[in-house]
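Chemist: Sequence and predicted structure below; questions after.
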Amino acid sequence: MTDPALEPYGDPITGPFWEAAARRVLLIQRCEDCEACQFYPRPICLACESRHLAWIEASGTATIYSLTTVHLRTAPEFEPPYVTALIDLDEGVRMLTIIIGDNPKIGDRVRLAWRERDGLPPLPIWTTEWRKQ
Ligand SMILES: [Zn+2]
């Protein structure tokens, strides 16, 4: 078990996201007043400043907005080279993530996958490989 003091997983704002991730469910916030969706989790709606935010399950489909290949090790769990990308979820929110699969390109459709981690909730990543799952 990782030292809880090192984990950002228990705070009231992001806790529900990580609890769902442990069940391989990707949650994003949707405002109950203006219906805007947002990611990452925040205490207020960025569109109307309402505090009435609900969690919804994301569809798990997205489009690559931008990407780059990382060739240097920046974290122990990420073996270079790997592709990091900004993706637009079908719900309209943008997410920074890792892309797996062959030759991803801007505009490609991607689907949610999960990367397991020892003692931590799985990390949402995205794949270009639709037919293998
Ligand atoms: Zn709102």
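Modeler: Good, I have the coordinates.

Chemist: who's in contact with M95?
Modeler: Counting by CB atoms under 8 Å, 6 or more residues apart in numbering, M95 makes contact with 39, 62, 86-87, 89, 124. Every residue, glycine included, has its C-beta placed from N, CA and C.

Chemist: Is there contact, residue-wise, from stretch 28-42 to the ion?
Modeler: Yes: counting by CB under 5 Å from the ion, the ion is contacted by stretch 28-42 at 31, 33-34, 36.

Chemist: Quick check: end-to-end length of that stretch?
Modeler: 10 Å (CA to CA, to the nearest Å).

Chemist: sorry, back to before: out of the contacts of M95, which end up buried?
Modeler: For these, a burial check counting by 16 or more other CB atoms under 10 Å picks out 39, 62, 87, 89, 124.

Chemist: just to revisit the earlier point, which pair of the residues of stretch 28-42 next to the ion spans the longest distance?
Modeler: D33 and A36 (8.8 Å; CB to CB).
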